[in-house]
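In: sharing a model that was predicted from the sequence below.
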Amino acid sequence: MEDRASLSGEVAEALAYASTATVSMQLLKRGFRSVAMRGVRPLASAGSRVVGRAYTLRYIPMREDLCGPEVLARPDFAPRVAIEAVPPGSILVIAALGHADTGVVGDILAARLKHRGLAAIVTDGGVRDAAAVAEVGLPIWCAGAAAPASITTLSGADLQTPVGCGGVAVIPGDVLVCDGDGVVVVPQALVDEVAEDARRQEHLEKFIQMRVAQGAPTRGLYPPNEATLAAYEEWARTEEPR
């Protein structure tokens, strides 16, 4: 797999074809249970699925000497450094300790990130100016809307370190799959195999849905037995995965 911020080619297509439900099932089959972020949902209508590599920004609890309003103008303030450092095509993961009542991004910063070609923002914190942020058009998954600025409860810490977001460990370079159900984190080392098997699962379930619509009972169909899998393989010879 290529070591780059954005995904391309067959891996990106396969993950974009699969739902977060499918991806989480593939990870469960590999023993990974804590992969779906808790309390993180689309700010606006989810629209199309978003897939990208994680670029992380970590917050720590607020401390008064680190959180005066003047910190916002500091050139080394991690949350502002992130805005210009995050690579195009990646997903900015903002670990905000689950502070849903604090906004970690607003409309101006969202507009800048959209202009720079970011794929999405994912945070377990809140979003300020939520209606205006939604109008920007940058896909955002968050804990909801919140008026207070981040510095009221959080201190910006560092970039590109392992973080916990929505109860899930995220390592820089991991791949996030985001849709209307939420956000699932795929460990970087598993991306290729999960993408391939997720595509196959989605295609199989397309066949199963077709059979259900035709009136077939689910026993032996879902989950599929050997006869169903054989029927699927015959059908799949002429049916393209997309």
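Out: Great, that's in hand. Residues are numbered from 1 along each chain as shown.
In: could you pick out the longest helix of this structure?
Out: Assignment by DSSP state H gives helix 191-213 as the longest helix of the chain.
In: render the CA-only coordinates of the next helix or strand after that helix in PDB, please.
Out: Later in the chain than helix 191-213, the nearest helix or strand by DSSP states H and E is helix 226-236. Extracted C-alpha coordinates of helix 226-236, given in PDB (Å, rounded to 0.1, in the frame of the first residue of the first chain):
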ATOM      1  CA  GLU A 226     -22.800 -23.300   0.800                       C
ATOM      2  CA  ALA A 227     -25.800 -23.400  -1.600                       C
ATOM      3  CA  THR A 228     -26.200 -19.600  -1.400                       C
ATOM      4  CA  LEU A 229     -22.500 -19.000  -1.900                       C
ATOM      5  CA  ALA A 230     -22.600 -21.200  -5.000                       C
ATOM      6  CA  ALA A 231     -25.500 -19.300  -6.400                       C
ATOM      7  CA  TYR A 232     -23.800 -16.100  -5.600                       C
ATOM      8  CA  GLU A 233     -20.600 -17.200  -7.500                       C
ATOM      9  CA  GLU A 234     -22.700 -18.100 -10.500                       C
ATOM     10  CA  TRP A 235     -24.500 -14.700 -10.400                       C
ATOM     11  CA  ALA A 236     -21.200 -12.800  -9.800                       C
END
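In: which positions in helix 226-236 come out as buried?
Out: 228, 232 (16 or more other Cβ atoms under 10 Å). Any C-beta I mention is one placed from the backbone N, CA and C, and that applies to glycine too.
In: which strands and helices sit next to it?
Out: helix 191-213 (3 or more Cβ pairs under 8 Å, 6 or more residues apart in numbering; DSSP states H and E).
In: quick one: the helix it packs on to chain centroid distance?
Out: 20 Å (Cα atoms, centre = their mean, to the nearest Å).
In: ok so, going back, helices or strands up against the longest helix of the chain?
Out: By 3+ Cβ pairs under 8 Å, 6+ apart, helix 191-213 packs against helix 9-17, helix 20-29, helix 226-236.
In: let's go with 10 Å and repeat that
Out: Applying 3 or more Cβ pairs under 10 Å, 6 or more residues apart in numbering; DSSP states H and E, one finds that helix 191-213 contacts helix 9-17, helix 20-29, strand 50-61, strand 175-179, strand 182-186, helix 226-236.
In: between the ones you listed, which gets the lowest average pLDDT?
Out: Ranked by mean pLDDT, the helices and strands packed on helix 191-213 bottom out at helix 9-17, with a mean of 88.
In: one step back: using CSV, lay out the helices and strands packed on helix 191-213 together with distance to residue 217.
Out: Converted to CSV, these look like this (distance: least, Cβ to Cβ, whole Å):
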stretch, distance to residue 217
helix 9-17, 27
helix 20-29, 22
strand 50-61, 35
strand 175-179, 29
strand 182-186, 30
helix 226-236, 11
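In: leaving out sequence neighbours, find the closest residue to residue 169.
Out: residue 162 (6.5 Å; Cβ to Cβ, 6 or more residues apart in numbering).
In: now swap in residue 106 and tell me
Out: residue 128 (4.0 Å).
In: with that, I have no additional questions.
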